[in-house]
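>>> Need a 3D model of the sequence below.
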Amino acid sequence: MRDLPERFGSWKTVYERHRRWSADGTWDGILRAVQAEADLDGRIDWSMVSVDSTSCRAHQHAAGARKKKPRIPKKDRRPGTMAMLVSPASCEAHAERDY
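Now for the predicted structure:
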């Protein structure tokens, strides 16, 4: 049994529809339309951007690059740590920071 409320019907139908809409660009079109409407209403601040590193792809050869010693003190490093960034937690403080 799949974890889906009964009101949505068969999980297989939902899955197939989602897969088809992802492939044919339906979801991308919906996102563009919602963003355009919100932008016209002034509800989007395009100067604020957040990128989640879990969704950033690296080039296929990136893993084979020559390794440089990390600049993180050994006592602060955890196994597998590539970099550390400390930044303000609030959007307002982050926007005011001069990079």
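>>> Can you pull out the low-pLDDT segments for this structure?
1, 49, 51-99 (pLDDT under 70).
>>> Contact partners for residue 11?
The contact partners of residue 11, by CB atoms under 8 Å, 6 or more residues apart in numbering, come to 2, 4. In this view, the C-beta of every residue, glycine as well, is placed from N, C-alpha and C.
>>> Quick check: the gap between it and residue 18.
As judged by CB to CB, to the nearest Å, residue 11 and residue 18 stand 10 Å apart.
>>> same check, this time on residue 38
With CB to CB as the criterion, residue 38 and residue 18 are 23 Å apart.
>>> Next, count neighbours for the closest residue to residue 14 other than its chain neighbours.
Counting by CB to CB, 6 or more residues apart in numbering, residue 8 is the residue found nearest to residue 14 once chain neighbours are left out, at 5.4 Å. Each residue near residue 8 was counted by other CB atoms under 10 Å, and the total is 11.
>>> Alright, I will stop here.
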